[in-house]
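K.L.:
quick one, structure for this:
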Amino acid sequence: MSQLKEESTMVGAFSTFSCNMDNQATNAFNEALEGFVGVKYSPVAVSQQVVAGMNYRFFCNAKMVTPFSVNGSAMISIYKPLSGNAHIMSIQHID
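P.N.:
From the prediction side, this is the model:
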C-alpha cells in the first residue's frame, strides 16, 4: 500500500522553492520586470506566499547587459496585489 506524502506548509509562510513555475508566477515576474534595464534576470526557481495578493521570491540567474560582464545570481521579491500590476519589492544580489 503506498502512502501519499502531503506537503506541509505553515499558513502565511513561503512555500518551498520549485523550478516548476506556473503561469501566474511567470506572468507576475514578466509584469514586474517589464521595462527593467541594465541586468537580464532569468528565473530558475520560485517560492510563493499567499497574502492579500501574492508574494513571490524568484531565484534568478543575473547577467549585466554590458560587454564582458560576469554572470551572477539574485533573489528578486515581487508583490502581485489582488488587483493591479505586480511590482518589485527588492533585489538582492548573491555573491
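K.L.:
next up, identify which helix or strand the residue positioned nearest the centre of the chain is on.
P.N.:
Against the mean C-alpha coordinate of the chain, by CA atoms, centre = their mean, the closest residue is residue 58 at 2.3 Å. In this assignment (DSSP states H and E), residue 58 forms part of strand 53-64.
K.L.:
export only the CA atoms of that strand, formatted as CSV.
P.N.:
Only the C-alpha atoms of strand 53-64 are listed here, as CSV (Å, rounded to 0.1, in the frame of the first residue of the first chain):
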residue,chain,number,x,y,z
GLY,A,53,-2.5,39.1,-3.2
MET,A,54,0.7,37.0,-3.7
ASN,A,55,4.3,37.5,-2.6
TYR,A,56,6.9,35.8,-4.8
ARG,A,57,10.6,35.1,-4.3
PHE,A,58,12.4,34.3,-7.5
PHE,A,59,15.9,32.8,-7.5
CYS,A,60,17.4,34.1,-10.8
ASN,A,61,20.5,34.0,-12.9
ALA,A,62,21.7,37.6,-13.5
LYS,A,63,23.7,39.0,-16.3
MET,A,64,24.6,42.6,-16.8
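K.L.:
now it: buried residues?
P.N.:
Burial within strand 53-64, assessed by neighbour count using 16 or more other CB atoms under 10 Å, is assigned to 54-60, 62. Yep, even glycine has a C-beta here, placed from its N, CA and C like the rest.
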